[in-house]
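Student: predicted model, plus sequence, below.
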Amino acid sequence: MKEKTLSVRELIKLAKGRSLVMGFFVMLSLTLFFLIDDVIYYLLAEEIFHFKLGILPKFALAVAIFLANLLLALLVVKAMLRKPVSGAEAMIGAYGVAAKSIRPGEIGGWVRVRGELWKAVARESIDSGESVEVTAVAGLVLHVKPFASNS
């Protein structure tokens, strides 16, 4: 019988899947730990501050804390699964200011986007100081359009 060898890409996918499952179980176990911890805390608080809660309010409080921690764990897992956006894709839709006038079709204009100066091209005239929106990225040149705010 021939053994199948896994490629590097398959190993990375397998490791990612396992780490997400392990992360979920870690978050679940932490949630359960905090549930038990909170119940013990409220029992001690009753002794120290001399107030009594019935069994139903204690149970409701424990369930509410458990659900809040579980929701937090799910939000963390969701954030872990989100693909990071960087590079050219992150620039599209960004806003900036024209640092030098831009004439239609010419790559002579400059814009300041996210604190950096970029060469820019536009389909219509944009004067220096006008707000712009990035519509595309071609190499190190940003395609921009005037940004019309609705204020």
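Tutor: Received the coordinates, thanks.

Student: what's stretch 126-136 in contact with?
Tutor: 91-102, 109, 111, 113, 120, 122, 142-147, 149 (C-beta atoms under 8 Å, 6 or more residues apart in numbering). Any C-beta I mention is one placed from the backbone N, CA and C, and that applies to glycine too.

Student: go again using 10 Å as the cut-off
Tutor: 88, 90-104, 109-114, 118, 120-123, 142-149 (C-beta atoms under 10 Å, 6 or more residues apart in numbering).

Student: could you pull out the strands for this protein?
Tutor: 95-100, 109-113, 116-122, 131-138, 141-146 (DSSP state E).

Student: closest one to Val63 among those?
Tutor: When these are compared by C-beta to C-beta, strand 95-100 sits nearest Val63, at 44.8 Å.

Student: what angle do strand 131-138 and the closest one make with each other?
Tutor: Strand 95-100 and strand 131-138 are oriented at 90 degrees to each other (axes from the mean of the first three to the mean of the last three C-alpha atoms, to 10 degrees).

Student: measure how far the longest helix along the chain is from the centre of its chain, please.
Tutor: The longest helix of the chain (DSSP state H) is helix 8-49. What separates the centre of helix 8-49 from the centre of its chain is 21 Å, taken as C-alpha atoms, centre = their mean, to the nearest Å.
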